Structure formats: C-alpha cells, structure tokens
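>>> next input, structure requested:
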Amino acid sequence: MSCYYASHNEPPHSAKFPRLSRPVSMMRPEYDVVVVGSGYGGGVAASRMARAGKSVAILELGKEKWPGEYPSTISEVVPEFHVSGNAGKGLLKDVNTGKPTGLYHFMLGEGQSAFVGNGLGGTSLINANVFLRCDERTLAMGTWAPEIRKIPGVLDAYYSRAAEMLQPTAYPEDYPPLQKLSVLEKQAKALNQGQNFYRVPQTTFFHDGVNNAGVEMKASTGSGQDCTGVNDGSKNSVLMNYIPDAWNWGAEIFCECEVRYIHRDRDGNGYIVFFAWHGDKRQAFKDYFYSDLMWVRAKEFCFLGAGALGTTEILLRSQKHGLKTSRNIGLKLSGNGDILSFEGYNTNEIVNGIGSENAPADSPSGPTITGIIDNRGPEASPNVIDGYVIEEGCVPTALAPALQTTLEALPNKRNPKKYSIMDRLRHLLYQAKSRIFGPYANGGSVNRTQTYLIMSHDSNEAMVTLENDKPSLQFLGVSREEHVKDLHEVLQKATNAIGGTLINSPFPAESGQHDGITVHPLGGAIMSYDGTGKGGATNHLGQVFAGNSTEVHEGLVCVDGSVIPTALGVNPFATITALAERSIALLTRKRDWNIDFETKNGHLNLFGKPKKPSLLAPDIAEAKEVIRKAGGASGVRFTEVMNGHIYLGDDIDDFVVAESVAKGSSTTARLYLSVDAYNVEDSVSRCTGYASIATGTFSCGALSRDPLLVLRGKIQFFSEDQSTSDATNLVYKLPLLSTEGKNYSLNGYKTIDANMAFSISDTWRATTTLYTTITEEDGSITGRGILHISKRKFASEIRSFSSTSGGFLESVLSISQFLTYFTKNIADYFLGPLDTLDYSYPDKSGYLPKEPPVETEILTAQDGVEVPIRLWAPTISKEEAISKRPLLFIPGSSVDHHAFALPTIPLNTIEYFTARGHACYVVTPRFGRTPAAISGGTEFDARLDILAAIHYVRQQHKERIYIICHCQGAIATAMGLLDGTIPPDWIQGLTCSQVFLTPIFSKANMLKSRTNILARAYALLAGPWFPIPSTPASPPFQRLLDQLLRFYPVGARNELCNSPACHRFTLAYSRCWNHANLNRATHRALPALLGGMHTRLIEHVMACGRANAVLDSEGHSLVTPEGLERLRGLPVILLAGAENAVYDPMGTAFDYDLLRSFFGPELYQRHLVQEYGHLDCWMGKRACEDVYPRVAEHVEWCETARNEVDAEEWVIDGYSVEAEVSLESLEYNC
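Numbers count the residues shown, from 1 in each chain. Alright, predicted model coming up:
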C-alpha cells in the first residue's frame, strides 16, 4: 500500500499515513551533515547531501503530517496555531501562546507581522505553490553579491533543476473554469493590464501519477485549502519531493526538534547543534526546557533552512553563545512587499473564492492562487522597485463561517465610487443571503468576495533582535508609504471594476504604516554585497561570516530565505530553491563530492524501507526492534526531571555520604529524561517489568560544560532485585555522551521494598529517589550521588503523561493501564503485610551450578541415632592442599549442609574454603534438617553426633581438625567439650558463630522463654512437630497460624515479607537474618532449605536461654570450673552478628571475657560483624567478603598459636600467670 491521502470522498484523517521521521531516541550523536528545517532550502540540502553519500540528519521543529491529516475546520485549526512575538504595546506585547510545533505560526511584530508554517516540509505545506522566477532586474540590484548580480542568468540552471523536482504547471485549460480566475482577468483588463495577466505555474498536480521523486500524487480537486493544508494529495510540497528523496537515499528525519543555537566543536570537529525536543511533553518542565538542551554533531556541514525568521533567531542566539559572526545578523529583513488585502467584498461577480474539502467537481474554487497580474516588467514599472504582482486568493474552509462577520466589522472599508441606492439594496440582499444560508450560498456576499495578495518591494529595513532570549520582529520604516498608497489605489480600482468593497488586511499595522502581515519574510542573514562581513551576514553561497572580514565558517551554511538581501516582488520559493541548489552544487564541487543526479527513485513505497538505508549501530538496531515489536500496541510516554548532587571520585561507596560531600562542593546534577514504553500490555504482563527507551540529557558541570546526551537508555519498571530478599527496582541504565566525545554510563535505581509499608513519606521517598553511579567506558567509577524528584516536578511529570498511540480512547486506556500497573506494584509493598502469602515451593531456577559433595556417609552416634556427614574435596591441587587442615562444619537447628553449601549465592562457605585447599565436612546433627529431628533430640543429645563426626574425620586425616559451628551447633559443641564427651585435643581451633557458653536471648526470645506454655499449647493443638515449610494444603491450624504470623513483630519495616517459611522460622527462633543480606533466590528457596523443630528441642533451648548457660539434660549448668578447664589451650574465635535478633551479641562478649580471664588473652578473639544478623553470616550474599575471610584468618592463625602458647601457663608483660578465676567474679547480670 502506498496511498497516503484521504480522497475527496473519504473523511479526512481516515487513511493510513506514512512516517518518514524517526523518534529522537533513534538519533545518532553525529552525522556528516545536519540540516535544520525542512522547507525548500532544507529539503534541497538534505536531498543533495544524501545523494552525495553523506550521512544526513534533518531537524524539523514541526510535526510530520501528510495529506489527509491537515486541519480543515476551525476546531482543528485552532490547536495548530502558535502566536508569538511582540507587537509593541498592550495585550500584544510579549505574546506566546499555542503549540510551538503547531502547523501555523503567527509572529507578531512592530509595524508588520509574519505568518509562516512549521512541519515536515516547512511553509511549503501551507503556501500557494506559485513557482515564479525572480526577474533579472531585481537580481541585478546592488544588494546582491557580485557573484549573483554581475552574471545574468546565473540562476537559470538552478531554477531548471528546482523545476525538475517541483514540477510547476499552470491550471489546465481543460479543467473546470474557475470564477475567481475569470474575475481576476476581468480586473486586469479594467486596469489596462490585460497583457500582464496569465495563469501562474504552480506545484500542483492536475493528474494522477508519480512525481519525479517517485511519490504517488493525485489530481487536484480544486479544494482551495492550500493555506491550511491540501488533503487531496495533489500538492507537490517539499514533503512530496525533496524530503522523500532524501529519505530514500538514507537521510534520517527527526521532528519536533527546535534548534536553539550552534557552536563550533572545540576540537575543530564540525559544529554542535543544540536543540530543544518538544516530544513527550518535555515542555511541561519550563524551567529546563530551553537550558538542558540535546545536541547533535555535524562533522562536515550544518545547513540552516529554518526560514528567514527561524535561521536568524538561531544565528542571533548562537552569537550570544560565542559563535563569531558578522554584525549584520538580524538586519535588512524584508516582508517581500506583501499586501494581503482580504477582500474585494460583496462584488457584482460570482467569485466562488471559499475553499471546500469536498469541492463540487464541476465548480470548484480551484487552487488558492491560479492567476496573476504581473507588473514587474520595465513597461509596467520602469523603476524596478516599483514592480509588483497581484494574485487572487482563496479563503480556507476553516475561516468561512466567521468571514462575513469579520469583514463587515472591520473599519476603513472603501465602497465602490459609483454606489447607487439600487446597488446598496442589491448588496444588502447578497449579505442577507450569506447570513441566512451560509458562506457557500450561491450569489451571497461571501460567494462574491475576491481575495488579493500583492507582492512588491519594500525598503528592506526590518530587523530581528533577541529580547529576553525571545525574537522580536520590527518592521518599522519598511513600508515605502507612497508606493503602498499607490498599490492600494490599484486595488481600489480593481475592486471598483467588479462593484465590490475593498477591505484591507484584518491585521493592520500602526496607523500610517504598511499593512500588517507578510507571508514571505526574507533576509536576516543576507548575502554580502561586497564579499565581507561588513556588507552582509553570509557570502554568496550562504556560508556564515566569522566576523566582518572575508573569513567564513566553511561548514555553516544558510540555504533559505534568510540570505535573500531584498524583496523579490514575487512569490519567493522558486528563488530560494534555486539559490539552495546553487550553493549545494558549488560547495560539493569545492570538496570534490559527487551528487548522483542520474539515478531515479522509481515508485517509492513510503510505508516500506528506503532503498539506501543507513547502517544502524547495535544500540539503534535494538531500539528500532523494540519499536517494531510494539507495532500498533498502546504505549505510554512521560518525562521526568530529577535534581541532586554527584560526588566525583571512586573513594566513597555510600550514596548518602557521597551526596553530602557533593553538596558541600556544590557539584549539582540534573537528569531530564523522556521515557517511551511502547507496549503497555507487554510491560504489565512481564513479571520482570518492561525495558523502555529513555532519551534526554544529564547536566553536571563537573563532568561536562554542556549537557550530556542520553540516547537509547533503558528503564526497567519494577525489575525484581535479585540481590535482596524481596524488593523491586526502577532501574535506569543510561549511556551518556559529552560534547567532548567522552562516554559515560549512568546506572541508577529506585528501590521499592518493605520500607514503604504503611508509610506515605517513605513511599514518596522510595519512588522519587534515584541512587546514581556514573562510570567510565571501562567500568571504573567516576562518581556517585543521589537524584530526587521534587513535588513540583512530580506534578509536571504527571502532566507529561501521554500515549504513543493516536486515538483519545486508546490514550486514556493505555495511560490508565500503565498507572494502574504502577500503582499496584507500589501498593504491593505499601500494603505488604496484607498481601497474599507466597506459598510457591521453589524450583531450582535460582540455583547456581555447584559441585555436589564427593562423599555422603551416615554416622551412628553412641545412642544409635543416625546422622549424615558430607565431604567436599579441596579444589586446588593435592600438592597445595596437603598441608591444609580439614574443616568440620556444624550447622544449627532446622537446617542442614545447605547453610554452608548454599546453592543460591555465587560463593558459599564450602566453595570458599575448598578453594583454599581444605577438605570440608558438614555434619547435620539430629536437631537439623534430617529425619532424626522428628524424634526430638536436644543440643545436649546432639553432642554425640558431633563426637561421631569428629571421630570420622580423624579417621580420614589422622590429625587435629578445625571446627566451625553455628548457633545450636555451637551450643552442642560447647556441651560436649564442657562435659568431656568431646576431647579438646582433637580440635585445632574453633569458630563459634553467634553463641557458645552463654546463650543470652534477644528481647523477643527472652520474652518467649519465660514460660513453656506456648510450646506446650502448640503441642496440644498440632502435635510436637513444628514444620517450617507450609503450603495451602497444610492443616487448617497451620494455615491459620500463617495468617496470624503476618503481624508477628520482626523489627523494622524493611524486615517485612510474605514468606510463610520466613515467618514460621522467625516464630521459632526469632528473625535469623537481615533481609537486606539475603538475595531473592535465597529467600525464595527457604521452604526447601528449612526443616522443622520438635517442641522438646524448643523447651531445652528456652531453658538454656533462661539460665544464660548451656545445660545438660537435667537442667544443670555445664559451665563449671572443671568444665572450663577442659577448654584450656583451645583457640577460639567468637563470631556474632551485630544485629542478631536471636541471641544478644553480648553473650559472645561475656564468653570472650570469661575465657580471657580464665586462660589469658592470647588464644581468644571476638569479631562483631556489622550490619549482619544471625544465619546471614553464612548465607548472606556478601558473607564471602565480610565473614569468611575473618574465619580463614583464624584457621591460619591457629596453625602457629598452639605451638607458641603453653596450654597451662602464659606470659603477660613478662610475668608468669596462673589461671585462678572464679565464675562468680564474671557473673553477667541479665
């Protein structure tokens, strides 16, 4: 399908339209050529540079609209109107209203205003298509460059080249006759200028076919809608020729890009073009819209084709930003002598000059301009500057309903000179007919109205300046008042000839000045008449002067009406196009570039791919694929701004500290980011969230003097944080590029977790705080800090939400769906304790590849209980491992070997020590996750399991072993040592994790231990076995317990979760970890890692806690002088998590003092692990960094310690000391 138009019998906007432009997210940071604007000059530059094989980017302020999309009614036109400027007084001073990207731009000026168009194709979208050459007398005027004025016919070849692409033709004789054209001819004869009347060549198709660029065209329906946009597909605007030609040859087009200024690349590598992107409602953030600019580099050429006013504004602002230019920028503008006289109103002739989207085939109004009275020749105007043309016009449909009221309300009407009573009565009837039957009533006053456009010569003395960074247009003194009066007299005579009332422009200027509107502003960067910056702003090729001498910016070229130094007295676009063709031809010739004019495009499929697409970088290809896969799906886009501080350096890891230091040095930063999620359905259905495309800027003066560019960044919504037990992140992965060519990466995240539970302030903080790290290309850290969204910026962000799809209903649905998805994910954590419990039994998807034990044996203790022991062999060579001592690990209750051989962390305890050359054994005592646990063995009973394990390991290695025991494993080991069951001389050293001789409960456990009522009540209701895993199929009592445990106190809000296994484990032992230390896979795996416990074990554990001592089966303390004596000479390190919620770390502190007091300080160490709890010291994601090395140091230390310190006596400060300390002297007041 290659049709792009809505035909006259189809409603506008009903067809499918091509999109040649790309999202700004697809922009590359540099091109050979950047073209600013897409009108005639910009279109020529883009087409020819692309055909020369150069990479080309086109930046257009307006949007891409195709025939069938142009407004036709007043309700459609008004939203596309942008009014700006300064008329000098009253309400019209400093006006700026409407969309800057709107199709119609009305710029108020002092003395005269201007009307131009924005959109892909520039003003060609809304002009009258009249292709007329400038006369030779005008081109020979002294204001032109000598290369133009001194060579007659210098532009002829380029006019022809332009005509070949634009294909002008006059209104055909065999087409339906046009009444407004006939009336103009009659008026010409009445003015004795019949010989100067003819049908104008215009770039309108009057037959179906393919134009010379390969674009399908349709025959004109004569709608007369040229000034608002022709929807019938007949108008051969730049959008239909130069632009698709450039696209087909690889040019990349980007709309809604308002270029603000340009400066030379500081390294001499072309020009940096700074632009404000109007997409994604970025203008909602007015404070930053024109300061935090995006940019693109033009390596060879930057062509300015933004129109006379646009290009001049850009150059003036560039001048203020340091670009060296001529002093003539902004001077010598012209209104092309335009006089828009809205009407020979209510004439005696049927004019039919009101456009219609559905024009009658037999009597259309016709294209807007079809005829001309051309009085530029020497016979009509001996003085060249007195030459002028008169063209008829057509009022677009949008203005028709209000036209009669408007015209009749305007002052200064000039009635016919012969205006009898009968004439008055007849005209009153015409008026009444239009008033009653509407503007299209045949014979009504509106139907009898002729519109005029005069082009002549003004004094070229207008100027544009920047006031408060806004353009100010001043046409004061440009009118040539006497000449204008003469022209008005001509119009009066022409109107008298058809019995009408002359009504001048509805936009009058100051009294006595020229009529107040031009549709052809020219100049502002005029070519120099003497080849220097003193005589103009550009040279004859449009190259911008770098001062007042002959020096120019070789690659900065103006190719639009801004270079024209005088009024042309005729429609200017043919001359603008010819000048652009000439400039490009000569510039490419100077560089020995070859433009391929010969290869034809053939019939272009504008919905397909260009024949010579540009090569895509991998990141662009990926972004393109995201957009392609989304297809026509509903998506959302929004913009956000975050401000904060970034500390530059890699020596501070803490984000809060980094932010604080950065505040002190005022190292501010701002992220101005637009996010496009092209498929909402995809984003809400993926459990991992949806990666969107992020585009914008990151401003940090300490990194770069200009904003850093963000292109094709990724934002992941509610991505599961695999590094923590239960959290999701909003993840930002943004590539950054500075204008100096330096690449960085911004990696940021917002954490959504249980800290938000029932707290509005914490929820706000979580969703508006971005923890930010800046890295170099090699991954080295450049800086860290925090960015925040303020409440005011958040309100702007909400206003910026829009849909990637077109329809209103689709937009509402997609935005609602996304916001619902967002709100639900926030609510899941805000209302976390009330959320559904996670009963899913873990599969092994989160497990990492681990080596299984090389051996598993079943040991039989002295009392006949069987327990397993597993062996992992060293992973280094036998030669290296031969001197390494075997390690025996003893886990706590309800767990097994997985406490040390955890499959869900990258480096577990067993892997750490086998890599160091140790053979590692793990015994699971009878209170662990083993079948024996259901029999109800206590820690005291389990000392026999440990004895069996030590005996087994000694049989394998014939040497002392090092023991690492945790929690109840440590208590059972202590009991065995104290009562003599376990011989201490079998042990080289000991790591006791969390507890040893003095179990002091945390406050929660101390409260539970005061009575055995809870344990016994549970045994009465559910039996003596308390399972940690639970499922929806568990007995009703267990499921009821799961619900009650939602609210069991676990500490801070960040310890909340929805795992029944975690809750039940916490009930049994109190919270065994800081959730922040467990990764998601470990937390999910808890049902598979945890077993259960017998109430008999619970009661014995509580008894020990109440007594603050390890007890035998009869309840007697084993911590006696005799028992302690058995520990003499045994090196011990006491390891405790500083935030242990099971056993108070003070218990290990008491044991440390006790052992040192009894035996001296040499053999005893204590290590308090900050920010750790209980079991996370072994199962934590960073335990390999924070815990294992400290244990390994003790293992190595023990190899020498026992040889240096006598087991019975040691030396302190040179004195021999005997151990005589009583337990009473070390009582711990609990």
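
>>> all helices for the stretch 1101-1230 of the chain, in order.
1121-1125, 1146-1159, 1176-1179, 1183-1186, 1188-1204 (DSSP state H, counting those that start in this stretch).

>>> next one: the stretch 301-450 of the chain
307-320, 400-409, 421-437.

>>> mean neighbour count added to these, as a markdown table?
(C-beta placed from N, C-alpha, C; glycine too.) What follows is the helices of the stretch 301-450 of the chain, written out as a markdown table (neighbours: other CB atoms under 10 Å):
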| stretch | mean neighbour count |
| --- | --- |
| helix 307-320 | 26 |
| helix 400-409 | 15 |
| helix 421-437 | 14 |
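
>>> in what helix or strand does residue 262 lie?
Counting by DSSP states H and E, the element that carries residue 262 is strand 257-264.

>>> doesn't residue 867 belong to a strand?
Yes. According to DSSP: H, G, I helix; E, B strand; the rest coil, residue 867 belongs to a strand.

>>> in the sheet, who's paired with it?
Residue 867 forms beta bridges with residue 859, as assigned by DSSP bridges.

>>> contacts only, for it.
Contact partners of residue 867, counting by CB atoms under 8 Å, 6 or more residues apart in numbering, are 858-859, 861, 923-926, 928, 930, 932, 945, 948-949.

>>> any quick PyMOL command for the buried ones out of the residues you listed?
Typed into PyMOL, the line below selects the buried ones among the contacts of residue 867, using 16 or more other CB atoms under 10 Å:
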select buried, resi 859+861+923+924+925+926+928+930+932+945+948+949
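
>>> could you tell me which of the contacts of residue 867 belong to strands?
858-859, 923 (DSSP state E).

>>> where does the prediction get shaky in the stretch 301-450 of the chain?
Under the criterion pLDDT under 70, the flagged ranges of the stretch 301-450 of the chain are 342.

>>> all helices for the stretch 601-750 of the chain, in order.
618-630, 655-664, 680-685.

>>> buried set for the first one?
Under the neighbour-count criterion of 16+ other CB under 10 Å, helix 618-630 has 619-620, 623-624, 626-627, 630 buried.

>>> so for the longest helix anywhere in the chain, what's the average pLDDT?
For the chain, the helix with the greatest residue count under DSSP state H is helix 808-830. On average, the pLDDT along helix 808-830 is 84.

>>> repeat for stretch 198-211
pLDDT averaged over stretch 198-211 gives 97.

>>> ok, and what's touching it?
Contacts of stretch 198-211 (CB under 8 Å, 6+ apart): 128-132, 166-172, 175, 181, 216-220, 234-237, 240-241, 367, 369-372, 374, 391, 603.

>>> now for the helix or strand where residue 161 lies, which elements pack on it?
Using DSSP H and E, the secondary-structure element containing residue 161 is helix 156-166. Judged by 3 or more CB pairs under 8 Å, 6 or more residues apart in numbering; DSSP states H and E, helix 156-166 is in contact with helix 573-590.

>>> buried set for the helix it packs on?
573-585, 587-588.

>>> which one of those is nearest residue 190?
Among those, residue 574 lies closest to residue 190 (CB to CB), at 28.6 Å.

>>> what distance do you get for that closest one to residue 541?
Using CB to CB, to the nearest Å, we find residue 574 at a distance of 19 Å from residue 541.

>>> can you check residue 1060 too?
78 Å.

>>> out of these two, which sits in the more crowded spot?
The neighbour comparison of residue 1060 against residue 541 (other CB atoms under 10 Å) goes to residue 1060, with 26 against 22.

>>> which ones are touching the more buried one?
Residue 1060 touches 837-839, 1029-1030, 1042, 1045, counting by CB under 8 Å, 6+ apart.

>>> switch the cut-off to 6 Å
For residue 1060, the contacting residues are 837, 1030, 1042, by CB atoms under 6 Å, 6 or more residues apart in numbering.

>>> also residue 1127?
Residue 1127 neighbours (CB under 6 Å, 6+ apart): none.

>>> before we move on, the earlier item: mean pLDDT and distance to residue 594 for the helices of the stretch 601-750 of the chain - can I get that in CSV?
Shown next, in CSV, are the helices of the stretch 601-750 of the chain (pLDDT from 0 to 100; distance: least, CB to CB, whole Å):
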stretch, mean pLDDT, distance to residue 594
helix 618-630, 84, 27
helix 655-664, 96, 53
helix 680-685, 66, 46
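
>>> which one, of these, ends up nearest to residue 1103?
helix 655-664 (44.0 Å).

>>> name the surrounding residues that touch that closest one.
Contacts of helix 655-664 (CB under 6 Å, 6+ apart): 645-647, 652, 771, 784-786.

>>> JSON lines for the residues you listed, including neighbour count, distance to residue 53 and pLDDT?
Formatted as JSON lines, the contacts of helix 655-664 follow (neighbours: other CB atoms under 10 Å; distance: CB to CB, whole Å; pLDDT from 0 to 100):
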{"residue": "645", "neighbour count": "24", "distance to residue 53": "46", "pLDDT": "97"}
{"residue": "646", "neighbour count": "26", "distance to residue 53": "42", "pLDDT": "97"}
{"residue": "647", "neighbour count": "27", "distance to residue 53": "46", "pLDDT": "97"}
{"residue": "652", "neighbour count": "18", "distance to residue 53": "50", "pLDDT": "96"}
{"residue": "771", "neighbour count": "20", "distance to residue 53": "46", "pLDDT": "97"}
{"residue": "784", "neighbour count": "28", "distance to residue 53": "45", "pLDDT": "97"}
{"residue": "785", "neighbour count": "29", "distance to residue 53": "44", "pLDDT": "97"}
{"residue": "786", "neighbour count": "22", "distance to residue 53": "47", "pLDDT": "98"}
